[in-house]
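Engineer: 3D, please:
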Amino acid sequence: MKKAIINIGLILIAILIYILQANFFSWFTIAGIMPNIFVIYILFIGLFGNKTMGTIYGLILGILLDFVIGTKIGINSIGLGLIGFLAAVFDKNFSKDSRMTIMVMVVVATIAFEVLSYLLNYVFASINVEIVNFIRILAIEVIYNLILTIIIYPILQKYGYYIENEYKGNKILTRYF
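Structural biologist: Just a heads-up that it's a prediction; the model follows:
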């Protein structure tokens, strides 16, 4: 029952993030560039949930974004699915308690998502990518995502530990004994 409530909450948060991404941040851009809150969100799910949960949410949200945005189907799905999987790797190797570590994770995840997205668009959609323009967009998006992470991470962290206790259980002592 608790897992069902958690999943309903995660779906409602995804809807809220889509509304923010589509409406609010279209007015508050930096040099015409919006943040990618879905990268932060899928990273959060992968860190506090588990590998399967982060990957599945990434794939499903990516497919929905591909349908809504109207680009080639599968590009966002592959990128967000890999971010969910990457978050599980981060969870095993790094601490979620340090804000600096989370910021580094957001930078790596944003860069990985954008590079993969541009490469897939270049291969499948035959979109011509200019390297200088791509680096400028990437730098601004990374900075924007970092600012948002600093603001919203304390809230996400509290909900994340609730998710982690439910999905992973409290297994701190089993590591040492």
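Engineer: low-confidence ranges in this structure?
Structural biologist: Across the chain, the ranges flagged by pLDDT under 70 are 70-71, 169-177.
Engineer: what about the nearest residue to Phe124 once chain neighbours are set aside, which SS state?
Structural biologist: Nearest-residue entry for Phe124: Lys72, 5.4 Å, with adjacent residues in sequence omitted and distances by CB to CB, 6 or more residues apart in numbering. C-beta: built from backbone N, CA, C; applies to glycine. Following DSSP: H, G, I helix; E, B strand; the rest coil, Lys72 is assigned to coil.
Engineer: so where do the helices sit in this protein?
Structural biologist: Counting by DSSP state H, the chain has helices at residues 2-19, 25-27, 37-48, 51-69, 75-93, 99-124, 131-167, 172-176.
Engineer: any idea which of those is most buried?
Structural biologist: Counting by mean count of other CB atoms under 10 Å, helix 37-48 has the highest mean neighbour count of the helices of the chain, with a mean of 26.
Engineer: phi and psi next, for Ser126.
Structural biologist: phi 50, psi 40 (degrees, to the nearest 10).
Engineer: now for it, how many residues are close by?
Structural biologist: 7 (other CB atoms under 10 Å).
Engineer: any idea how far it lies from Leu120?
Structural biologist: 11 Å (CB to CB, to the nearest Å).
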